[in-house]
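A.B. asks: What follows is a protein structure lacking sequence information:
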């Protein structure tokens, strides 16, 4: 079982930037697909971005394309989410989650089995 801890959330004004980190422990991190998901108040949790084990394949939701960048450092057991040009609609709790690479590529929320506790991102206008 892998344990995940998100960090880096906070409050910023529209147009600002934040970098989230997802640190993993417990299992070989490089054997996982990692995703970032978010949940805004009153809304369902949604997929934001995913990255495969090597970093060679990524997915971005249309709402964040060109603004967010996912990357990973397997040596540090950490995945990063660089968020630029933030908008008020990006306000949400952001979660990272993993899916065993053996199961194949997926970006669907239901296909990810281990979740962190989340980190709050608040963007003011």
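C.D. replies: Right, received. Where do you want to start? What you are looking at is a predicted structure, and each value in this text was computed from that prediction instead of being measured.

A.B. asks: and the worst-scoring helix or strand of the chain on mean pLDDT, how far from the chain's centre?
C.D. replies: Every helix and strand in the chain was compared by mean pLDDT, DSSP states H and E; the lowest is strand 114-115, with a mean of 92. For strand 114-115, the separation from the chain centroid amounts to 11 Å (computed by Cα atoms, centre = their mean, to the nearest Å).

A.B. asks: Dead centre of the protein: give me the residue that sits there.
C.D. replies: By Cα atoms, centre = their mean, the chain has its centre lying nearest to residue 36, at 2.1 Å.

A.B. asks: Please name the nearest non-neighbouring residue to that residue.
C.D. replies: With sequence-adjacent residues excluded and distances taken as Cβ to Cβ, 6 or more residues apart in numbering, residue 36 is closest to residue 48, at 4.5 Å. Using the backbone N, CA and C atoms, a C-beta is placed for each residue, glycine as well.

A.B. asks: got it, and residue 8?
C.D. replies: residue 20 (4.2 Å).

A.B. asks: just checking, the one you found touches residue 86?
C.D. replies: No. Using Cβ atoms under 8 Å, residue 20 makes no contact with residue 86, being 11.5 Å away.

A.B. asks: Overlap in contacts, the two.
C.D. replies: Counting by Cβ atoms under 8 Å, 6 or more residues apart in numbering, the residues touching both residue 20 and residue 86 are residue 121.

A.B. asks: Quick one: residues in contact with the least confident helix or strand of the chain.
C.D. replies: Here strand 114-115 makes contact (Cβ under 8 Å, 6+ apart) with 1-4, 95-98.

A.B. asks: if you set the cut-off to 7 Å instead, what comes out?
C.D. replies: By Cβ atoms under 7 Å, 6 or more residues apart in numbering, the residues outside strand 114-115 that reach it are 1-2, 4, 95, 97-98.

A.B. asks: which of those count as buried?
C.D. replies: By neighbour count, with 16 or more other Cβ atoms under 10 Å, the contacts of strand 114-115 hold 2, 4, 95, 97-98 as buried.

A.B. asks: Tabulate these in CSV, adding columns for secondary structure, distance to residue 16 and pLDDT.
C.D. replies: Formatted as CSV, these follow (DSSP: H, G, I helix; E, B strand; the rest coil; distance: Cβ to Cβ, whole Å; pLDDT from 0 to 100):
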residue, secondary structure, distance to residue 16, pLDDT
2, coil, 31, 89
4, strand, 25, 95
95, strand, 21, 98
97, strand, 25, 97
98, strand, 28, 95
